[in-house]
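In: Model the following, please.
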Amino acid sequence: MSKIIPLSEAVAGNISDGDVAAFEGFTHLIPHAAAHEVIRQGVKDLTLIRMTPDLVYDQMVGMGVVRKMIFSYAGNPGVGLLRRITDAIQNGWPQALEIEEHSHAAMANAYEAGAANLPMAVFRGYLGAGLKEVNPNIKSVTCPFTGEVLAAVPAVRPDVTFIHAQRGDRKGNVLIEGILGVQKEAVLAAKRAVVTVEEIVEDFDDVHPNVTILPHWTIAAVAHVPGGAHPSYARGYYDRDNTAYLEWGDIASDRKRFLDWMRLNVLEASPEDFATRVAKLRVSS
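Out: Numbers count the residues shown, from 1 in each chain. Here you go, the predicted structure:
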């Protein structure tokens, strides 16, 4: 059976209420289309994991999809606060949000530990930091060889990870170029992985041998969704839509305006709309 299926089927078959889910991308290749499909399908009670949550998690939290968020630094890059996440934490709208905040280093190490099937990540960190005072999942261990006291956090093992990539081939292998963040580790750490891609190709015979390729046996489903990272960017396909990030601050600051925007651009939209949204953007070099 082909792993290349419509996004609606990929989401329906791989995420359920109450799952632990990661939607990863670090300024680049953020899987907005996949997150929007999760919202449209009415999935609830998720625990979301991500380094640097931005607009896409603000939207999911504001639509009542999320019970808990495990993350490092949340914000609208270059703009400011994430208004829907702030409203959920401070006012419980549309529902209360539990948070577990870590440093970037902790999240990166936790993903690597999950990918290696280890129970925890051990690293140098949190020295003098206040997060360990409010996060009971930040522990310390003593190295049995040197006696050094090190930080320890639980490994990240999502039920499902969603990422966006440039290309998938007919067998279900996925190619990623440019800034990776922790996409590779997030896929390898997960029980299931769904990837949206800009295009489907026959093979990767013409690419540099050092590009990142996720083999088909690590992927549950691949969906062809051109523009699926918008408003973030996809190297070689389209640039970051800076205007969309600037506008989001005003959109998300008012509950009614937020809900109206989500109805028009998510609930009544489709994955095919993403191609239209990036058509005006310059192709990245």
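In: Helices of this protein, start to end?
Out: 7-12, 32-40, 55-62, 83-91, 104-115, 131-134, 183-189, 242-253, 255-262, 273-278 (DSSP state H).
In: List of residues touching the first one?
Out: Think helix 7-12. Helix 7-12 is contacted by residues 33-34, 37-38, 41, 43, 194, 196, 220-223, 225, 271 when judged by Cβ atoms under 8 Å, 6 or more residues apart in numbering. Placement of C-beta: from N, CA and C, glycine included.
In: Cross those against strands and list the overlap.
Out: Mapping the contacts of helix 7-12 onto strands (DSSP state E) picks out 194, 196, 221-223.
In: Neighbour count and pLDDT added to the residues you listed, as TSV?
Out: TSV is the format used below for these (neighbours: other Cβ atoms under 10 Å; pLDDT from 0 to 100):
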residue	neighbour count	pLDDT
Val194	29	98
Thr196	29	98
Ala221	24	98
Val222	29	98
Ala223	27	98
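In: Closest to Val79 out of the residues you listed?
Out: Using Cβ to Cβ, Thr196 comes nearest to Val79 of those, at 24.8 Å.
In: Off-centre distance for stretch 265-278?
Out: 18 Å (Cα atoms, centre = their mean, to the nearest Å).
In: I'd like the mean pLDDT over that stretch, please.
Out: Per-residue pLDDT over stretch 265-278 has a mean of 97.
In: Domain-wise, how is the protein divided?
Out: With domains defined by automatic domain parsing, the chain comprises 7-102+157-278, 104-154.
In: Let me know which of the ones you listed is tucked in deepest.
Out: domain 7-102+157-278 (a mean of 20; mean count of other Cβ atoms under 10 Å).
In: just to revisit the earlier point, of all the helices of the chain, which one is nearest Phe145?
Out: helix 104-115 (18.6 Å).
In: Other residues contacting the closest one?
Out: 51-52, 71-73, 102, 119-123, 125-126, 138, 151, 153-158, 182, 184-186, 188-190.
In: Let me see the contact set for Pro271.
Out: 6-8, 33, 36-37, 196, 223, 225, 228.
In: right, I mislabeled it, should have said Val160
Out: With Cβ under 8 Å, 6+ apart, Val160 has these contacts: 14-15, 19-22, 190-194, 220.
In: which two from the residues you listed end up farthest apart in space?
Out: The widest separation within the contacts of Val160 (Cβ to Cβ) is 15.2 Å, between Val20 and Ala220.
In: which stretches of the stretch 51-200 of the chain form strands?
Out: 66-72, 98-102, 120-123, 139-142, 149-154, 160-169, 174-176, 192-201 (DSSP state E, counting those that start in this stretch).
In: Now tabulate the ones you listed in TSV and tack on distance to Ser232.
Out: Listed next are these as TSV, based on distance: least, Cβ to Cβ, whole Å:
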stretch	distance to Ser232
strand 66-72	17
strand 98-102	22
strand 120-123	26
strand 139-142	33
strand 149-154	26
strand 160-169	8
strand 174-176	14
strand 192-201	12
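In: re the thing from before, and of the contacts of Pro271, the nearest to Gln59?
Out: Nearest member of the contacts of Pro271 to Gln59, counting by Cβ to Cβ, is His36, at 7.7 Å.
In: contacting residues for the closest one?
Out: 59, 266, 269, 271.
In: Next one: it relative to Gly42, how far apart?
Out: 12 Å (Cβ to Cβ, to the nearest Å).
In: quick one: low-confidence parts of the protein?
Out: Scanning the chain for pLDDT under 70 picks out 1, 284-285.
In: that older thread, go through the helices of the chain and name the closest to Gly168.
Out: Closest approach to Gly168 among these (Cβ to Cβ): helix 7-12, 11.6 Å.
In: follow-up on the earlier one: nearest to Asn210, of the strands of the stretch 51-200 of the chain?
Out: For Asn210, the closest of these is strand 174-176, at 11.6 Å, according to Cβ to Cβ.
In: circling back: could you export the contacts of Val160 as a markdown table, including distance to Ile200?
Out: Formatted as a markdown table, the contacts of Val160 follow (distance: Cβ to Cβ, whole Å):
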| residue | distance to Ile200 |
| --- | --- |
| Asn14 | 19 |
| Ile15 | 22 |
| Asp19 | 27 |
| Val20 | 29 |
| Ala21 | 24 |
| Ala22 | 24 |
| Ala190 | 22 |
| Lys191 | 24 |
| Arg192 | 20 |
| Ala193 | 17 |
| Val194 | 15 |
| Ala220 | 16 |
